[in-house]
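[1] Below are the sequence and a predicted model for it; my questions follow.
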Amino acid sequence: EPDGSLDEQSIATLRGLGYATNMRALLHRHRDKLKPDVIWNIEQGMALTAEKIGAAQLRRSRLYGDVMAFLQQYDLILAPSACCPPGPIAERWVRKVDGHEFTDYIGWLTIHGVITLTACPALAIPAGFTADGRPIGVQLVGRHRGEADLLSAGAAIEEILGVAGQVPIDPKPARPL
């Protein structure tokens with residue numbers, strides 16, 4: 001399997017860089033209209049050093065090479081679509097999973113960040129439900145520019161899992177968590 005152990009710091013660095021590059025002017029003009037997490041991301045990006053950016057870009061390049069090599073042998077990567085089932089709507093971000101505490105709202109998104117950094121197409125599909133009715137999904141990652149094959153694989157897996165007729169899934173009545 002490819003080495004997807006990209007650390008949270010590298011993802012935060014590259015995410016912050018993107019936010020600073022694309023949203024700095026928005027922060028200066030409309031700070032009062034942005035949510036705290038967006039402000040934090042932009043400010044983190046504006047405070048980055050060339051050394052941090054370079055290290056994160058190097059790690060991203062290695063990850064890309066690992067994933068490309070893997071996808072030469074296999075049609076796709078199948079991974080969880082999230083690190084935990086959905087939580088209460090009032091919770092802005094996941095704070096802890098299996099004893100691991102996240103210090104900010106990006107940490108729990110590392111599973112998505114790793115895939116995003118590969119520039120490969122990805123697709124999340126439903127795979128079932130927890131015992132208390134919360135949805136669980138799987139993430140499929142295809143070859144670079146392989147969107148058509150990825151969509152076909154997603155449709156086939158939905159059929160195999162028996163969820164094809166349930167898409168889109170209507171919200172289920174709220175149950176206590």
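    Structure received. Quantities reported herein were computed from a predicted structural model and do not represent experimental measurements. Numbering: from 1, shown residues only.

[2] can you give me the helices in the protein?
    8-30, 36-46, 50-73, 110-118, 147-161 (DSSP state H).

[3] so what pLDDT did the residue nearest the centre of the chain get?
    When C-alpha atoms, centre = their mean is applied to the chain, the residue found nearest the centroid is His112 (1.7 Å). Note on His112: pLDDT of 79.

[4] Identify the residues contacting it.
    Neighbouring residues of His112 by C-beta atoms under 8 Å, 6 or more residues apart in numbering: Gln139. The C-beta positions use only the backbone N, C-alpha and C, and glycine is treated the same way.

[5] what do you get if the cut-off is 6 Å, keeping everything else the same?
    Not one residue lies near His112 by C-beta atoms under 6 Å, 6 or more residues apart in numbering.

[6] What's the separation between it and Asp98?
    18 Å (C-beta to C-beta, to the nearest Å).

[7] returning to what we had before: kindly reformat the helices of the chain as a markdown table containing distance to Pro80.
    Putting the helices of the chain into a markdown table (distance: least, C-beta to C-beta, whole Å) gives the following:
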| stretch | distance to Pro80 |
| --- | --- |
| helix 8-30 | 16 |
| helix 36-46 | 23 |
| helix 50-73 | 17 |
| helix 110-118 | 6 |
| helix 147-161 | 14 |
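
[8] what's the closest of those to Ile89?
    When these are compared by C-beta to C-beta, helix 36-46 sits nearest Ile89, at 15.8 Å.

[9] In stretch 39-57, which residues are buried?
    By neighbour count on 16 or more other C-beta atoms under 10 Å, the buried set for stretch 39-57 is Trp40, Asn41, Ile42, Gln44, Gly45, Leu48, Lys52, Ile53, Ala56.

[10] closest to Phe129 among those residues?
    Asn41 (32.0 Å).

[11] Check the closest one and give its pLDDT.
    92.

[12] go on, Asp132?
    pLDDT, Asp132: 87.

[13] roughly how far apart are the nearest residue to Thr118 once chain neighbours are set aside and Ile106?
    Closest residue in space to Thr118, ignoring its immediate chain neighbours: Val67 at 4.6 Å, by C-beta to C-beta, 6 or more residues apart in numbering. For Val67, the distance to Ile106 (C-beta to C-beta) stands at 21 Å.
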